[in-house]
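fold the stuff below for me.
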Amino acid sequence: MSPAKPILVGQMAGAFGVKGEVKITAYTDDPMALARYRTLQREDGTHALTILSARVSKTGIIAKTTEVASKEAADAIRGLKLYVSRDALPPVEDEDEFYLADLIGVRGQTPEGERLGTIKALHNFGAGDVVELDPGGGRATVFYAFTREIFPEVKPADGYVIIIPPVEDEGEAASADRG
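Below you'll find the predicted structure:
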């Protein structure tokens, strides 16, 4: 992964009250990390928000920012994805740790080394992280829950992840690779 690519850390959830505070859904382990980053940007690297103060909420933080002064202004940017530059994040110190963004473009393979595809994206629809795997050749992408059972070995620095497809998907994943 390119160090210049920003990392998704949160998303605008809308207004909180009528005095310009905003709700931000945090995608970080510690929601207050968003306040410590202070300056959040859009995916293209342009400035999005500067956090002046924040407190923890159920799904992230409630924040006061320099850019939002009203409920209407907060609602206008609802859904805005918020990023920080990679160098703002703490370095990964353990070989078993990684940022989810590091998995994009990594090869997925069986324990025997058979190529299953390339990780195209990671999603979270509310029930946990889901990996979208592109088998290539114009075939439809395959989705797998990002669990230890399905992904027993994750080595983004080495360029691969081991995937053990669930029984109900095993035939589909195997045929997608041969197609």
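
residue ranges of each domain in this protein, please.
7-88, 103-178 (automatic domain parsing).

from the chain's centre, how far out does the first one sit?
The one in question is domain 7-88. Centroid separation for domain 7-88 versus its chain: 15 Å, with CA atoms, centre = their mean, to the nearest Å.

helices of the protein, start to end?
In the chain, the helices defined using DSSP state H lie at 33-37, 71-76, 167-178.

show me where the chain has strands.
Remark: strands assigned in the chain by DSSP state E are 7-16, 21-26, 39-41, 47-56, 60-65, 81-84, 107-109, 115-124, 129-134, 142-145, 153-155, 160-162.

contact partners for residue 151?
For residue 151, the contacting residues are 131, 144, 161-164, by CB atoms under 8 Å, 6 or more residues apart in numbering. Every residue, glycine included, has its C-beta placed from N, CA and C.

ok so, going back, tell me the most buried of the domains of the chain?
Of all those, domain 7-88 has the most neighbours on average by mean count of other CB atoms under 10 Å, namely a mean of 17.

that domain - what's its average pLDDT?
Here domain 7-88 scores 93 as its mean pLDDT.

so what would you say the end-to-end distance of that domain is?
Start-to-end span of domain 7-88 (CA to CA, to the nearest Å) is 9 Å.

what does stretch 16-36 give?
Start and end residues of stretch 16-36 are separated by 20 Å (CA to CA).

what are the contacting residues of that stretch?
Applying CB under 8 Å, 6+ apart, the external contacts of stretch 16-36 come out as 8-15, 40, 49, 51, 53-54, 56-57, 59-65, 68-71, 73-74, 82, 124.

related to what we said a few turns ago, possible to save the domains of the chain as CSV with distance to residue 97?
Listed next are the domains of the chain as CSV, based on distance: least, CB to CB, whole Å:
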stretch, distance to residue 97
domain 7-88, 11
domain 103-178, 10
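
out of the ones you listed, nearest to residue 94?
Closest approach to residue 94 among the domains of the chain (CB to CB): domain 103-178, 11.3 Å.

same question for the closest one, mean pLDDT?
Here domain 103-178 scores 86 as its mean pLDDT.

so what sits opposite the residue lying closest to residue 96 once chain neighbours are set aside in the bridge?
Using CB to CB, 6 or more residues apart in numbering and skipping the chain neighbours, the partner closest in space to residue 96 is residue 154 (7.9 Å). Taking DSSP bridges, one obtains residue 161 as the residues bridged to residue 154.

how close does residue 154 get to residue 130?
The gap separating residue 154 from residue 130 is 15 Å, by CB to CB, to the nearest Å.
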